[in-house]
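Participant: the sequence and its predicted three-dimensional model are supplied below.
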Amino acid sequence: AQFAPADLKERSPTSTAEKGFMFGSGKLVLEASLDKEVYCHGEDLPIHISINNQSKKSVKNIRCHINQHCELTMVNAQYSCKVARLESQDGCPLQPGSSLNRTFMLKPLAQNCYGIRGLCLDASLSKVTDESNLASSSLAESGNSNDLLGVVVSYSVKVRVVLSGMGGELETDLPFKLVHPRPDSLEMDKL
C-alpha cells in the first residue's frame, strides 16, 4: 500500500484554460482548482470552478470527471479509466458577459466502478468488493517519476465546459495524488 508522504508540502493544484473565437471578440476563461494535492481513499474531492464568459457564446453545461491513468512501463502502453463523473447545468446557460463560481464534489471509489475494464485496484483476489480500493498513486521515493517501473498509476480531474452553437468545448486538467492515510495520522481517524 502507498501511504501519504510524511513531509507533505500543501500545494493546491490550479489550472486555467482560455478560448478565443476566430470571428468574434472576447474569450472564455475556465479556471479549476483543488484544495490540496494529496487526497486519501474515501475522501471527497471539492473541485472549485470559475468561468468568466466574455465571448459571444453561452455555456450549456459543465462536466467533471476523475481519470485513473495507468502506464505499463515494461511494454510502453498507457490507458485511462473514468472513476467518478458528474455533469451539471447548475448556473447554465451562462450567458455572454457573465461569470460563474461553483464547487462540485466527487468521490473516487472502487465500489462505484464495478465492471470497468482495465481498472487498477489495491485488493486481494477475493469476491468481496468492499475490501477493494482504487490503486494508490505511484510515488517514487527519490521524487523522480522516471525511477518508477512496472505499473505506474496517477490521477487527474478533467473539467470540461460545453458551449452553444459551433463553440465546441473548453477543458482543463488537474493532477492529484490518491493514497492511503498514514496509520498514525489524523486523516486515518477521520475515515
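Facilitator: It's in.
Participant: only C-alpha atoms for contact and neighbour calcs from this point on.
Facilitator: Will do.
Participant: residue closest to the middle of the protein?
Facilitator: Val157 (1.6 Å; CA atoms, centre = their mean).
Participant: so where's the chain uncertain?
Facilitator: For the chain, applying pLDDT under 70 flags the ranges 1-10, 123-131, 140-148, 183-191.
Participant: rerun at 90
Facilitator: 1-12, 20-26, 40-42, 55-57, 71-79, 91-92, 109-152, 164-168, 179-191 (pLDDT under 90).
Participant: going along the chain, name the helices of it.
Facilitator: With DSSP state H, the ranges of helices along the chain come out as 186-190.
Participant: which parts of it are strands?
Facilitator: 14-21, 24-34, 38-40, 45-53, 59-72, 77-88, 98-106, 121-122, 133-134, 151-163, 169-179 (DSSP state E).
Participant: list the buried residues of stretch 58-67.
Facilitator: Neighbour counts over stretch 58-67 (16 or more other CA atoms under 10 Å) mark 58-67 as buried.
Participant: what's the closest of those to Glu43?
Facilitator: Minimum distance to Glu43 across those is 13.2 Å, recorded for Ile66 (CA to CA).
Participant: would you check that the closest one makes contact with Ser154?
Facilitator: No. Using CA atoms under 8 Å, Ile66 is not in contact with Ser154; the gap is 10.6 Å.
Participant: hang on, Glu71 packs against Cys81?
Facilitator: No. The criterion here is CA under 8 Å, and Glu71 misses it with Cys81 at 11.7 Å.
Participant: which among the strands of the chain is found nearest to Gly115?
Facilitator: For Gly115, the closest of the strands of the chain is strand 77-88, at 11.1 Å, according to CA to CA.
Participant: list the beta-bridge partners for the residue nearest to the centre of the chain.
Facilitator: Beta-bridge pairing of Val157 under DSSP bridges involves Ile66, Leu174.
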